[in-house]
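Trainee: Sequence unavailable; structure follows:
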């Protein structure tokens, strides 16, 4: 089994981290571990697998996140994911949405650690690649000191290779998923204590981490850091990952160079019938807070949705960035927007 480097990863995010997004992120960092959107076992077993699970070879290392609670179905789905070439299978025990809760998967499984352990054991028997769990520190009125420890020990005993912990409780009753992004407060110290108690298990921290500097600080306490919204909404942050987290020279140090390298992929997808907007919707934060960024976003929004929109739409949008020498924010001074 190939060992994965968990020091930095980009979180699985519904409707966001599709294959087009992941190819873009891979151009910004060659070392980060990437995750798919959550895919349910029902979709994997009965749906269009090529559409749901297909990915570009450049995305490696890339993990498939599954949603489900039936051990047999999860084992089957994990095997299918391995056959597709994924580097890891991850079980979602953290999503708080009502749709997920009604399907008996996601964060509600925090209340059933023995079932989660059975799911992990079944997947471990079905595949040779790592099987991991992404969870919360607890749900609703659970005591995080008890709930997280019980779940963690159960899944590790079942063979889980790593645990990714979103350091906030999921409130399934009384709060919307949007409200739960801010309430209750994050508790990073709880994740640190879990790591101190499970020294031999890779523990990755997630939740509200704003930038690479913060990621480095967390790495003093845990094995890895997972960025979600900060990585998606301000993707320029990923340009610093290889140098700042892994100590390696990045492939591209400018957003302009990365977008130029993205063009052949975009053109291949357009030739297959993919709409330009399906790809460029992931680029709206590429030049966040840079002069010309608003014009860049507006041009993509207005012209990228046309059925016949081509690569020139992106090129014209990039040309609207006013100052090609503006450096990235202070935390990433080695990198430039252009």
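Mentor: Received, thanks. A quick note: this is a predicted structure, and the numbers were derived from the prediction, not measured.

Trainee: residue boundaries of the strands in this protein?
Mentor: 8-10, 33-40, 62-67, 88-93, 131-136, 162-166, 203-206, 224-227 (DSSP state E).

Trainee: could you redo these as TSV and give each row distance to residue 263?
Mentor: Every C-beta, even on glycine, is put in place using the N, C-alpha and C of the backbone. What follows is those, written out as TSV (distance: least, CB to CB, whole Å):
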stretch	distance to residue 263
strand 8-10	22
strand 33-40	20
strand 62-67	21
strand 88-93	29
strand 131-136	33
strand 162-166	33
strand 203-206	32
strand 224-227	26
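
Trainee: In JSON lines, list those strands along with mean pLDDT.
Mentor: JSON lines is the format used below for the strands of the chain (pLDDT from 0 to 100):
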{"stretch": "strand 8-10", "mean pLDDT": "98"}
{"stretch": "strand 33-40", "mean pLDDT": "97"}
{"stretch": "strand 62-67", "mean pLDDT": "98"}
{"stretch": "strand 88-93", "mean pLDDT": "98"}
{"stretch": "strand 131-136", "mean pLDDT": "98"}
{"stretch": "strand 162-166", "mean pLDDT": "98"}
{"stretch": "strand 203-206", "mean pLDDT": "98"}
{"stretch": "strand 224-227", "mean pLDDT": "98"}
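
Trainee: Quick one: those strands as CSV, columns for mean neighbour count and distance to residue 265 too.
Mentor: Rendered in CSV, the data for those read as follows (neighbours: other CB atoms under 10 Å; distance: least, CB to CB, whole Å):
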stretch, mean neighbour count, distance to residue 265
strand 8-10, 26, 17
strand 33-40, 22, 15
strand 62-67, 26, 15
strand 88-93, 27, 23
strand 131-136, 27, 28
strand 162-166, 25, 28
strand 203-206, 24, 28
strand 224-227, 24, 22
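
Trainee: Any chance you could list what contacts stretch 16-24?
Mentor: Identification of contacts with stretch 16-24 by CB atoms under 8 Å, 6 or more residues apart in numbering yields 10-11, 25, 34-37, 54-56, 58-59, 62, 232, 235, 258, 262, 265, 269, 274, 278-279, 282-283.

Trainee: Produce a PyMOL select command limited to the buried residues of the residues you listed.
Mentor: Selection of the buried residues among those in PyMOL, burial being defined by 16 or more other CB atoms under 10 Å:
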select buried, resi 10+11+25+34+35+36+37+55+59+62+232+235+258+262+265+269+278+279+282+283
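
Trainee: Tell me if I'm right that residue 14 and residue 37 touch.
Mentor: Yes. The criterion here is CB atoms under 8 Å, and residue 14 meets it with residue 37 at 5.2 Å.

Trainee: top helix in this protein by residue count?
Mentor: Longest among the helix segments of the chain by residue count, using DSSP state H, is helix 255-271.

Trainee: Touching that one from outside, list them.
Mentor: By CB under 8 Å, 6+ apart, the list of residues contacting helix 255-271 reads 20, 23-24, 27-28, 56, 58, 236, 239, 251-252, 276, 279, 283, 286-287, 310-311, 314, 318, 324, 336-338.

Trainee: Could I get the buried residue list for it?
Mentor: Those would be 255, 256, 257, 258, 259, 262, 265, 266, 269, 270, for helix 255-271 by 16+ other CB under 10 Å.

Trainee: per-residue confidence at the first one?
Mentor: Right, residue 255. Residue 255 is assigned a pLDDT of 94 by the prediction.

Trainee: ok, now which ones touch the closest residue to residue 66 other than its chain neighbours?
Mentor: Setting aside the residues directly before and after it, residue 66 is nearest to residue 77 in space (CB to CB, 6 or more residues apart in numbering), at 5.4 Å. With CB under 8 Å, 6+ apart as the criterion, the residues that contact residue 77 are 39, 41, 44, 45, 66, 68.

Trainee: measure stretch 62-71 end to end?
Mentor: Distance between the boundary residues of stretch 62-71 (CA to CA, to the nearest Å) amounts to 23 Å.

Trainee: what separates it from the chain centre, distance-wise?
Mentor: Computed by CA atoms, centre = their mean, to the nearest Å, the chain-centroid distance of stretch 62-71 equals 14 Å.

Trainee: so where's this protein shaky on pLDDT?
Mentor: Per-residue confidence for the chain (pLDDT under 70) gives these ranges: 1-2, 98-103, 174-176, 180, 183, 322-338.

Trainee: Name the residues that touch stretch 132-146?
Mentor: Residues from elsewhere that reach stretch 132-146 (CB under 8 Å, 6+ apart): 12, 63, 65, 88-94, 96, 107-108, 110-111, 116, 120, 147-148, 151-152, 155, 160-173, 187, 190-191, 206.
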